[in-house]
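1. quick one, structure for this:
(chains A and B)
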There are 2 protein chains.
Amino acid sequence: MIVQKQFSIKFLPSKKTIKVPKDYNLRQAALDCGIDIESSCGGVGTCGRCKVQVKNGHVQSKRSKFITSDEKKRGYVLSCLAKVKSNLTVFIHEKKVKKAKIEEGQIESVIGKIYSGIEKDVFAAVEIKPWIIKERIKVEKPTLNYNINDFYRLQKSIKNKLKIENIAVPIKTLRKLPLLLRESDWEVIITLDKSTNTLINIQRGSSEKKCFGFALDIGTTTLVMRLVDLATGEVVDSTSEYNPQIKFGEDIINRIIYSIKKGGLNRLREAVIDSVNGMILRLLANSKINEEDVVAVMVAGNSTMMHIFYGIPPRFIREEPYVTVTNKFINTSADELDLKYVRNAVVYSIEGVTSYLGGDITSGVLATGIANKKELTLFLDLGTNGELVVGNLEWIMGCSCSAGPAFEGGGVRCGVRAVEGAIEMVVIDQDTYKCFYEVIGSKKPVGICGSGLIDLLGEMYLKGVIDRKGKFNEDIGNPYLKYLDNEFCYVLVDSENSGTGEDIFITEVDINNLMRAKAAVYSGIKTLLEEVDLNLKNIEKIYIAGGLGKNINVQNAIVIGMFPDIDIKKYYFLGNTSIMGAYLCLLSEDKFKYSEEIANKITYIELSMNMKFMDRYIAGLFLPYTDLKDFPTVESLLYSV
Amino acid sequence: MIVQKQFSIKFLPSKKTIKVPKDYNLRQAALDCGIDIESSCGGVGTCGRCKVQVKNGHVQSKRSKFITSDEKKRGYVLSCLAKVKSNLTVFIHEKKVKKAKIEEGQIESVIGKIYSGIEKDVFAAVEIKPWIIKERIKVEKPTLNYNINDFYRLQKSIKNKLKIENIAVPIKTLRKLPLLLRESDWEVIITLDKSTNTLINIQRGSSEKKCFGFALDIGTTTLVMRLVDLATGEVVDSTSEYNPQIKFGEDIINRIIYSIKKGGLNRLREAVIDSVNGMILRLLANSKINEEDVVAVMVAGNSTMMHIFYGIPPRFIREEPYVTVTNKFINTSADELDLKYVRNAVVYSIEGVTSYLGGDITSGVLATGIANKKELTLFLDLGTNGELVVGNLEWIMGCSCSAGPAFEGGGVRCGVRAVEGAIEMVVIDQDTYKCFYEVIGSKKPVGICGSGLIDLLGEMYLKGVIDRKGKFNEDIGNPYLKYLDNEFCYVLVDSENSGTGEDIFITEVDINNLMRAKAAVYSGIKTLLEEVDLNLKNIEKIYIAGGLGKNINVQNAIVIGMFPDIDIKKYYFLGNTSIMGAYLCLLSEDKFKYSEEIANKITYIELSMNMKFMDRYIAGLFLPYTDLKDFPTVESLLYSV
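-> Okay, here's the model as predicted:
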């Protein structure tokens, strides 16, 4: 059947136009146009972020609590719920347009901040033991008396020099071999993967022996990449950008939902591959490193991200009983995965544990060295999802606590990620209830990021703006409490001082989302420890990794009952441990092999069906917790206020 | 630089036209048009076969001994030497247009004849031991208590059923796994290569467990393919066609020369891949076998053909010191080699010995079982090239005797391959010198093929038409001896009785080429035996394989001094032993592994630098040989005539 594209849509203010068939989804039409319309629910009408104004024409839509009756009259609809019924002119409010590619340096500066704070002693020292090597090999010239084939003679030279036998050679390498050998006078540079005895590449003998690799962390929200000199371990350059899949859904659940749509998995895969290609190109261009010298890409990511990266349907990660297709992916050529500019590289990835405890956690456990130490360590990776691991050299257990993206700005109306303009620190004046804040960069505030939200929640609670249930105290005479869009909100920044020209505020719905996130983290920690008959006193160190970074005010995280109330000296903020583990695996075959051991050593605890977890989760929907005895410091703070 | 295509060429009688830039090669222009213009030298002006008549317009050409001054006046040129200098109208004589794709059944009928004559006892009995298997596997359904990943559970089931562990799975198979498992209710058909523990494919559980493979022999002249049921060994169907690379050169030397031209290797490779794809499609369509059930392609061919098939430059096979790039090619996906219709199959190939003793010979030695028998066997594979092997279970030696394509019709003016219309048997009347003949099929003769040429040479010698040096006896009153185009020729068929409308004849140049070919074979045999301190009396059996087939009159082959003068009961004609060996390897992993042993067991003797070979070769340029004592039977025949 040929679908006739009968209706024309013009999007304002971009003036982009597109033709679509009748009943086409309006949000999809915007995406098809290249407009990255905001959404955190992946297009099922539950986040209210993809609101647009239909200026001309007719759409059919469903009712939504996010559209007021006034807005409805003015043509507002949730684009994800709207079907095209005529030619349209549609206005997408500029605030709704996200830039998938942020300005050079913007995110790097934030991530740089995190890296600079890495506690060097925490990370296991790595003995650089390159396992993908380049070697200059002199091959014997054939003569009439010794006219054995080129590849045999090459193998013989490799055996003599490196003691490596039975080398496998892909056809594409063989195709280059005869001319290269002769043009370079029987001296070539070979690239050899010693873990599989595979001849990855051959180059002219005159080239340098340098060997580079990329470490890549595919986060749900952020992609991070390091260009590494495999012989010295030097990080030549690094870069990061948002995961462009965000436009298809903010968290992994919404990505998986999107992946089930026709062509969805491919679009998700292409989005991340395109971004990675862009990052590779940027890193190579900046460093002036020849693409032929890049021999490996080591990838870490959660199970959903890895499935999508390899083009494997992630659908059953979300459907009971929540299984991955595999946790370990076969070594693959960069070519096969459509990675450009590094066609001769091999792509390796770090083995995951299970659906909700992926290779990023294996990588983090490797990097932090938890599995080698006697002391009991609790490891929290707080990205878009939250994962917890506890253990030592004898055992390791882990769980996922489904914290959700609230602390990354998801599900919070004025929430943003930790970019320039984000409020990252908050103090509330006890007398006036006025909010004081610090902003990343020296810009007007545009929203509030994770660390700011933790501060805000803690401050609101300590200063009485909200009660223990997270409801506004309406009777304290707080002048910043306003009634807006049918609900109360606390205004942090008024429209005059805001970078967006609109108030920056927090609502009870936002607070509720934050409460659920923090409750999930704490409840996860408690339940995990109980599973191994331990309590918080046994924990010697707490490592915090992930997007929330080191700007968190630990005290406030304790006040809101997200982090356990133990000596704050035990807390270490490590930044992105996933990229760190991938980096270590690039440099040492032992580490890479050891990462497989770790993946198999971690015992996964499924919390979603655990009644004790649920009980504690409910108990965690109070500030800081139903039972204040768990939080003696907070109790004393409350009395001191 | 943009090359302007300024001149237009019209080819007659096909009326095909093409635009080309100035100085473009005329023969290439015809090839570009899809006209398979004849050539046995690959386009270097030494075979004279690509003669065309320029009817209108101007070309620049070099002098050629193949163009008489009369022809030159009439516009004849060798198209391979002609540069386009204006718009042209060019007539390509119909006889010069070869059909690369012959009529269905035409070549099959000839090859069928050969196969029907296979001496069954010669071929080693094969115990069918499928190593690429399909198995129905029941996979445990995951539950919340057993939610380990899909691939792990599949592996576990495979281990339980087949005792096979550590299975490798390509990404493209993983991509299909989760949905297939669920849609087929946890019962799937896996295709497993037990030699590498690789999961080649998975299919729905409802499919049949049938497993098919293709055996493919890539000959310089002919491609042969069998579709084989891997469980039973049944040859479901087979097909063959000319190697379309012929248009780029008749023998391997000319193919290699062509491969060095810009884009030449690719054109050669595409030609053979296209043909193989066509054969695959035909075999699948005829047999109604599902392409997903084809799991393997086993390829045998000489070293040059194998290099081209895999896209590896064959250039140094021809240049001193004559080395291949490799004799063993890694297992490759059909996809990677651009084989369509069998995308899930793995392509295997049979290891060769050296540049001029390829996998086709390894395959033949395997099929004939020479390497397992006590008795000393001489094995001759007489295709476009000639290879000789001698040995038994203790040792095997081999050489290539560079016989050239004379007995396949190359270098002989009226020579054709063994197709319908070819003269395959010749007797000359002693009194009248008239030639009597038999033709393949019931058509008027169009030329003379290998077996016919052997008969003709023997008969001409025995009946005194030519002397021992291969020169015509001009004084015997032979009415069929004519003077044509500046040379004497013996007319076998006059234009009235010929299928081409022209005389069918043989010239002294033709005879000279045949003499050289037969001298090379015999000289090769003698030298090879001497290298191992043996003589002809020690030979217990002689196996003849290759295109010459079983229609050879052994007695005549002895008369001309091509085959040694030993009891003709010792001769066995086996047809294509290369395809036979590939077929056996498809059916049995043991045989496939054993083929590698054979390749390594064969000691290669280089004849091209061997002075004794050269001496004997010169001696062989007499009929039957300088020293008649080597040919007692022939001596007695001569006296009896």
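2. any figure for the gap between the residue nearest in space to the middle of chain A and chain B?
-> Geometric centre of chain A, nearest residue: residue A:219, 2.0 Å, by C-alpha atoms, centre = their mean. The gap separating residue A:219 from chain B is 21 Å, by C-beta to the nearest C-beta, to the nearest Å. Placement of C-beta: from N, CA and C, glycine included.
3. contacts only, for the residue nearest to that residue when sequence neighbours are not counted.
-> Ranked by C-beta to C-beta, 6 or more residues apart in numbering or on different chains and with sequence neighbours excluded, the top spatial neighbour of residue A:219 is residue A:383, at 5.6 Å. Residues near residue A:383 by C-beta atoms under 8 Å, 6 or more residues apart in numbering or on different chains: A:219-221, A:360, A:408, A:546-548.
4. go on, residue A:179?
-> Counting by C-beta under 8 Å, 6+ apart, residue A:179 touches B:313, B:315.
5. strands of the stretch 401-550 of chain A, start to end?
-> Ranges of strands in the stretch 401-550 of chain A, per DSSP state E, counting those that start in this stretch, are A:422-428, A:435-439, A:447-448, A:481-484, A:487-493, A:504-507, A:541-545.
6. could you say what helices and strands the fifth one packs with?
-> So that's strand A:487-493. When contacts are defined as 3 or more C-beta pairs under 8 Å, 6 or more residues apart in numbering or on different chains; DSSP states H and E, strand A:487-493 packs onto strand A:422-428, strand A:435-439, strand A:481-484, strand A:504-507, helix A:508-531.
7. go on, the shortest one?
-> Under the contact criterion of 3+ C-beta pairs under 8 Å, 6+ apart, strand A:447-448 touches strand A:422-428, strand A:504-507.
8. can you give me how far the last one is from the chain middle?
-> With C-alpha atoms, centre = their mean, to the nearest Å as the basis, strand A:504-507 stands 25 Å off its chain's centre.
9. strands paired with that strand, and their directions?
-> Strand pairing for strand A:504-507, determined by DSSP bridges: strand A:487-493 (antiparallel).
10. average pLDDT for the partner strand, rounded please.
-> For strand A:487-493, mean pLDDT is 94.
11. between that strand and strand A:422-428, how big is the angle?
-> Interaxial angle, strand A:487-493 versus strand A:422-428 (axes from the mean of the first three to the mean of the last three C-alpha atoms, to 10 degrees): 100 degrees.
12. is there proximity between stretch A:596-606 and chain B?
-> Yes: with C-beta under 8 Å from any C-beta of the partner chain as the criterion, chain B is reached by stretch A:596-606 at residue A:606.
13. list the residues that contact residue A:159.
-> Applying C-beta under 8 Å, 6+ apart, one finds that residue A:159 lies in contact with residue A:165.
14. actually residue A:582, not the one I wrote
-> Applying C-beta under 8 Å, 6+ apart, we find residue A:582 in contact with A:215-217, A:298-300, A:350, A:363.
15. nearest to chain B among these?
-> Using C-beta to the nearest C-beta, residue A:299 comes nearest to chain B of the contacts of residue A:582, at 12.8 Å.
16. and residue A:572, how far from chain B?
-> When distance is defined by C-beta to the nearest C-beta, residue A:572 is 32 Å away from chain B.
17. which residues of the stretch 51-200 of chain A score low on pLDDT?
-> For the stretch 51-200 of chain A, applying pLDDT under 70 flags the ranges A:94-126.
18. residue A:17 looks like it's in a strand, true?
-> Yes: the assignment for residue A:17 is a strand, going by DSSP: H, G, I helix; E, B strand; the rest coil.
19. so what's the residue count around it?
-> A total of 13 residues lie near residue A:17 under the criterion other C-beta atoms under 10 Å in any protein chain shown.
20. next one: residue A:389
-> Count around residue A:389 with other C-beta under 10 Å applied: 28.
21. which residues does it form beta bridges with?
-> With DSSP bridges as the criterion, residue A:389 is bridged to residue A:379, residue A:398.
22. if I read this right, it contacts residue A:396, doesn't it?
-> Yes: between residue A:389 and residue A:396 there is a contact at 6.2 Å, judged by C-beta atoms under 8 Å.
23. give the residues shared as contacts by the two.
-> Common neighbours of residue A:389 and residue A:396 are listed as A:365, A:370, A:602 (criterion: C-beta under 8 Å, 6+ apart).
24. between these, which is nearest chain B?
-> Nearest to chain B out of the shared contacts of residue A:389 and residue A:396 is residue A:602 (C-beta to the nearest C-beta; 13.3 Å).
25. so what sits opposite the closest one in the bridge?
-> Listed by DSSP bridges, the beta-bridge partners for residue A:602 are residue A:396.
26. what's the burial count for it?
-> 24.
27. who touches it in this structure?
-> Counting by C-beta under 8 Å, 6+ apart, residue A:602 touches A:353, A:357, A:361-362, A:365, A:389, A:391, A:396-398.
28. and the residues you listed, which two are the farthest apart?
-> Pairwise distances across those peak at 13.6 Å for A:362 and A:397 (criterion: C-beta to C-beta).
29. re the thing from before, what's the pLDDT at the residue nearest to the centre of chain A?
-> Looking at residue A:219, its pLDDT is 93.
30. show me what contacts it?
-> Residue A:219 sits next to A:243, A:301-302, A:305, A:360, A:383-384, A:547, A:576, A:578 when contact means C-beta under 8 Å, 6+ apart.
31. which of those fall in strands?
-> Cross-referencing the contacts of residue A:219 against strands under DSSP state E gives residue A:301.
32. could you export the contacts of residue A:219 as CSV, including pLDDT?
-> Formatted as CSV, these follow (pLDDT from 0 to 100):
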residue, pLDDT
A:243, 93
A:301, 97
A:302, 97
A:305, 98
A:360, 97
A:383, 82
A:384, 80
A:547, 70
A:576, 88
A:578, 94
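33. what residues does the stretch 251-400 of chain A put near chain B?
-> Checking the stretch 251-400 of chain A against chain B by C-beta under 8 Å from any C-beta, the hits are A:310-313, A:315-316, A:320-327, A:329-330, A:332, A:336-337, A:354-355.
34. drop anything exposed from those.
-> Neighbour-count burial (16 or more other C-beta atoms under 10 Å in any protein chain shown) is assigned, among these, to A:310-313, A:315-316, A:321-327, A:329-330, A:332, A:336-337, A:354-355.
35. in the stretch 451-600 of chain A, what residue is nearest chain B?
-> Across the stretch 451-600 of chain A, no residue is closer to chain B than residue A:600, which sits at 11.0 Å (C-beta to the nearest C-beta).
36. end-to-end on stretch A:565-573?
-> One end of stretch A:565-573 to the other measures 16 Å (C-alpha to C-alpha, to the nearest Å).
37. and that stretch, which residues are buried?
-> A:565-566, A:570-573.
38. now, which of those lie within strands?
-> Per DSSP E, strands hold the following members of the buried residues of stretch A:565-573: A:571-573.
39. could you find the lowest-pLDDT member of these?
-> Sorting these by pLDDT puts residue A:573 at the bottom of the list (83).
40. that residue contacts residue A:544, doesn't it?
-> Yes: judged on C-beta under 8 Å, residue A:573 makes contact with residue A:544 at a distance of 5.0 Å.
41. which residues are in contact with residue A:551?
-> For residue A:551, the contact set (C-beta under 8 Å, 6+ apart) comprises A:113, A:418, A:424-425, A:451.
42. nearest to chain B among those?
-> Using C-beta to the nearest C-beta, these come closest to chain B at residue A:418, 33.4 Å.
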